[in-house]
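Trainee: Mind folding the following:
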Amino acid sequence: MTDVLWNTWAGTHQARPRRTAAPNGTGEVAAAVASAARDGLRVRMVGSGHSFTDVAITDGLLLSPASLTAVRSVDPGEGTVTVEAGLPLCDLNDTLAEHGLALANMGDIAVQTVAGAVQTGTHGTGRDAGGLAGQVVGLEIVLADGSVVECSADREPDLFHAARVGLGAFGVVTALTMAVRPAFLLHAREEPMPLDEVLERLPELRADNDHFEFFWFPHTDSTSTKRNNVTEGPARPLSALQSWWDDDFLSNTVFDRVNRLCRSFPSLVPGVNRISSRALSTRSYTDVSHRVFASVRDVRFVETEYAIPAEHTADVLREARSIVDRGGHRVSFPVEVRFAPADDVWLSTAHGRDTAYVAAHMYRGVPYEAYFADLEALFTSVGGRPHWGKVHTRDRDYLERVYPRMGDALAVRDRVDPRRRFGNAYLDRVFG
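Mentor: Residues are numbered from 1 along each chain as shown. Next comes the predicted model:
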């Protein structure tokens, strides 16, 4: 057993593996997997730890991708980039910008490794552009027998469709080829709006904007809406002072201190939320896409998120408001709602249906179990799919009912990892 103790970002899970390794290339990954197999150890590759579940936890061999950060190729003509698994998304964004390229869509933070974000189904919000896995056109994977396989829609297609959001269950992803597009500007408009108005206008707000999302403040009827639309420019980014004041000082430093106070005195939460929601004002700016998509998130929290059929969004949010009101919960974090089009990735939360993502957060150290359980009952009543990297209690019996291609994915797993070399407790629960 090593002395290494690995924690998730939020402190929800810990791993104390028997062995660790930070391979320098695909060959060293394959050698490490083969060595673990000889010693009867299970293998997991970690990322930045931003999953709230124990998806990356192992008591066997823990692989770090810290040395797998190369950009192998950038092809503007083909519209692709091939990068190694451990490259942080923020570094990928910088590299693409140097070549006049960008991802079509991304989530709201960019510190995760590319492979970790893709493997757990990280998404943003978009009318036409879906999550990161839908932008993957090729994978390089080390399988349980130590062999290295390249897969795509044309080469080993079943493995490709199963492993794009594969949770590391099909092998260790060592490199990914992503589809990219010419760099673009986004005009962002952030505006407060009553929750009932947002819900009534959802069809319009979704249809009229390239990227729409909103944040509802529990214990109030207020939201903050965000509309991001592709524009020719010119760029008019936030000033350095306003960016620091709004996004660093208020959204991180002040917000963290307020949440510490509310953790000690939960009765303050409704009043604090009312004050916070009234303090919202409209702002707009235009900047390069990745600076608009992603924000700094320094405040530590625990999160659950479910992907529900988009047509249920309004009813679900109204019931969530009732759950907070009648359940005695004290919720200081906004509830985040985003959208994605249907995709064809077998284990993607948006597989086969237009999707709304409803995410609930609780400040780290605040009891969250009862609140999340009440919401989970609501989300599952409409066939919701839990985000693979966020707190949930679903198991294989439930997941097989909401993922029509799950049986096909598990058949691929039986073929490429029959001895469950890449298994762990989390995968035992969700895949059986």
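
Trainee: and residue 116, what element?
Mentor: Following DSSP states H and E, one finds residue 116 within helix 114-119.

Trainee: what's the offset of that helix from the middle of its chain?
Mentor: Mean-position distance between helix 114-119 and its chain equals 9 Å (CA atoms, centre = their mean, to the nearest Å).

Trainee: now the strands for the stretch 201-350 of the chain?
Mentor: For the stretch 201-350 of the chain, the strands defined by DSSP state E, counting those that start in this stretch occupy 211-216, 222-231, 283-288, 301-309, 335-340.

Trainee: okay if I get the ones you listed as TSV plus distance to residue 250 and mean neighbour count?
Mentor: C-beta: built from backbone N, CA, C; applies to glycine. Listed next are the strands of the stretch 201-350 of the chain as TSV, based on distance: least, CB to CB, whole Å; neighbours: other CB atoms under 10 Å:
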stretch	distance to residue 250	mean neighbour count
strand 211-216	14	23
strand 222-231	12	19
strand 283-288	12	16
strand 301-309	16	23
strand 335-340	17	23
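
Trainee: Out of these, flag the one nearest residue 98.
Mentor: The closest of these to residue 98 is strand 283-288. By CB to CB, the value is 11.9 Å.

Trainee: just the angle between the closest one and strand 222-231, please?
Mentor: If you take axes from the mean of the first three to the mean of the last three CA atoms, to 10 degrees, strand 283-288 sits at 40 degrees to strand 222-231.

Trainee: Now do strand 283-288: which elements does it pack against?
Mentor: Other helices and strands packing on strand 283-288, by 3 or more CB pairs under 8 Å, 6 or more residues apart in numbering; DSSP states H and E, are strand 185-194.

Trainee: Partner strands of the strand it packs on and their direction?
Mentor: Under the criterion DSSP bridges, strand 185-194 sits next to strand 222-231 (antiparallel), strand 283-288 (antiparallel) in its sheet.

Trainee: any idea which helix or strand comes after that strand?
Mentor: Counting by DSSP H and E, the element after strand 185-194 in chain order, helix or strand, is helix 195-200.

Trainee: Give me the buried positions along that following helix.
Mentor: For helix 195-200, a neighbour-count test (16 or more other CB atoms under 10 Å) marks 195, 198, 199 as buried.

Trainee: From residue 192, how far off is residue 198?
Mentor: Here residue 198 is placed at a distance of 10 Å from residue 192 (CB to CB, to the nearest Å).

Trainee: Residue 299 and residue 363 touch, don't they?
Mentor: Yes - using CB atoms under 8 Å as the test, residue 299 is close enough to residue 363 to be in contact (7.4 Å).

Trainee: Let me see the ranges of the helices in the stretch 51-200 of the chain.
Mentor: Per DSSP state H, counting those that start in this stretch, the stretch 51-200 of the chain carries helices over the ranges 89-98, 114-119, 157-163, 195-200.

Trainee: same for the longest one, what does it pack against?
Mentor: In other words, helix 89-98. With contacts taken as 3+ CB pairs under 8 Å, 6+ apart, helix 89-98 sits against strand 71-75, strand 80-84, helix 114-119, helix 289-293.

Trainee: mind checking which of those is nearest residue 19?
Mentor: When those are compared by CB to CB, helix 114-119 sits nearest residue 19, at 20.1 Å.

Trainee: circling back: give me whichever of the helices of the stretch 51-200 of the chain is most buried.
Mentor: Highest mean neighbour count among the helices of the stretch 51-200 of the chain (mean count of other CB atoms under 10 Å): helix 114-119, with a mean of 28.

Trainee: so what does that helix touch, helix or strand wise?
Mentor: Judged by 3+ CB pairs under 8 Å, 6+ apart, helix 114-119 is in contact with helix 89-98, strand 172-179.

Trainee: Including mean pLDDT and distance to residue 422, could those go into CSV?
Mentor: What follows is the helices and strands packed on helix 114-119, written out as CSV (pLDDT from 0 to 100; distance: least, CB to CB, whole Å):
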stretch, mean pLDDT, distance to residue 422
helix 89-98, 97, 23
strand 172-179, 98, 7
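
Trainee: of all these, which lies closest to residue 284?
Mentor: helix 89-98 (21.9 Å).

Trainee: May I have that closest one exported as CSV, CA atoms only?
Mentor: The C-alpha coordinates for helix 89-98 follow below in CSV (Å, rounded to 0.1, in the frame of the first residue of the first chain):
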residue,chain,number,x,y,z
LEU,A,89,-9.3,21.8,-21.2
CYS,A,90,-8.0,25.3,-20.5
ASP,A,91,-4.6,24.5,-22.1
LEU,A,92,-6.5,22.9,-25.1
ASN,A,93,-8.5,26.1,-25.5
ASP,A,94,-5.2,28.2,-25.6
THR,A,95,-3.7,25.8,-28.2
LEU,A,96,-6.7,25.9,-30.4
ALA,A,97,-6.9,29.7,-30.2
GLU,A,98,-3.3,29.9,-31.4
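
Trainee: what angle do it and strand 172-179 make?
Mentor: Using the same axes, to 10 degrees: helix 89-98 against strand 172-179 is 30 degrees.

Trainee: so how far is helix 89-98 off the chain centroid?
Mentor: A distance of 18 Å separates the centroid of the chain from that of helix 89-98, by CA atoms, centre = their mean.

Trainee: Also stretch 275-294?
Mentor: On CA atoms, centre = their mean, the centre of stretch 275-294 falls 20 Å from that of its chain.

Trainee: same deal with stretch 326-339?
Mentor: 18 Å.

Trainee: Check stretch 403-423 too.
Mentor: Centre-to-centre, stretch 403-423 and its host chain are 22 Å apart (CA atoms, centre = their mean).

Trainee: Pull out the buried positions in it.
Mentor: Buried, per 16+ other CB under 10 Å, within stretch 403-423: 403, 405, 406, 409, 410, 412, 413, 416, 417, 421, 422, 423.

Trainee: For residue 352, list the residues it contacts.
Mentor: Counting by CB atoms under 8 Å, 6 or more residues apart in numbering, residue 352 touches 342, 343, 344, 404.

Trainee: do you know how far it is from residue 341?
Mentor: Look at residue 352 and residue 341: by CB to CB, they are 11 Å apart.

Trainee: One more: residue 407?
Mentor: Distance, residue 407 to residue 341, using CB to CB: 24 Å.
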